[in-house]
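Student: Requesting a structural model of the entry that follows:
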Amino acid sequence: MAFVKFTREEFEDRFGIDLESVIHDDNEANKVERAIDDVTEQIQEYIIGEMGYYDFDNISINQQTYINRACMEQLKYRLTNGDLSRESGIDAFNQTMVDYSQLRTRVIAPRAKSILNNHIITKGY
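Tutor: Next comes the predicted model:
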């Protein structure tokens, strides 16, 4: 089966958070769908980066479930911590620079990494 992204309803069922009320965007049109698309792309890029290739058009129901769980964890992480993928690493307040390699390790939510590493990447799907 082809990969299908999680929905706002699934996110709310899992975390009890209404995405419409917590996602703030200058462009209100489709803001939740754009946020879901963005984290899904981030997680897919992480999987491809770790595995070299992944066929998202031919996955099992279990793979779909684990990838969507990781995507939901990533969105929850971004709601809490901000989108670290768009951070420069410069801390103007303290006049310091966070090492890029450290910043890069913080982009993907630890819980999302754990789900993917345990159920997708190490399984070699």
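Student: how much space between the nearest residue to residue 44 once chain neighbours are set aside and residue 3?
Tutor: Excluding its sequence neighbours, the residue lying closest to residue 44 (Cβ to Cβ, 6 or more residues apart in numbering) is residue 56, at 6.5 Å. To be clear about C-beta, it is placed using only N, CA and C from the backbone, and glycine gets the same treatment. Using Cβ to Cβ, to the nearest Å, residue 56 is found at 4 Å from residue 3.
Student: how about the strands in the chain?
Tutor: For the chain, the strands defined by DSSP state E cover 90-91, 96-97.
Student: which of those strands has the lowest average pLDDT?
Tutor: For those, the weakest mean pLDDT is recorded on strand 90-91, namely a mean of 54.
Student: Could you list the low-pLDDT ranges of this structure?
Tutor: Per-residue confidence for the chain (pLDDT under 70) gives these ranges: 84-106, 123-125.
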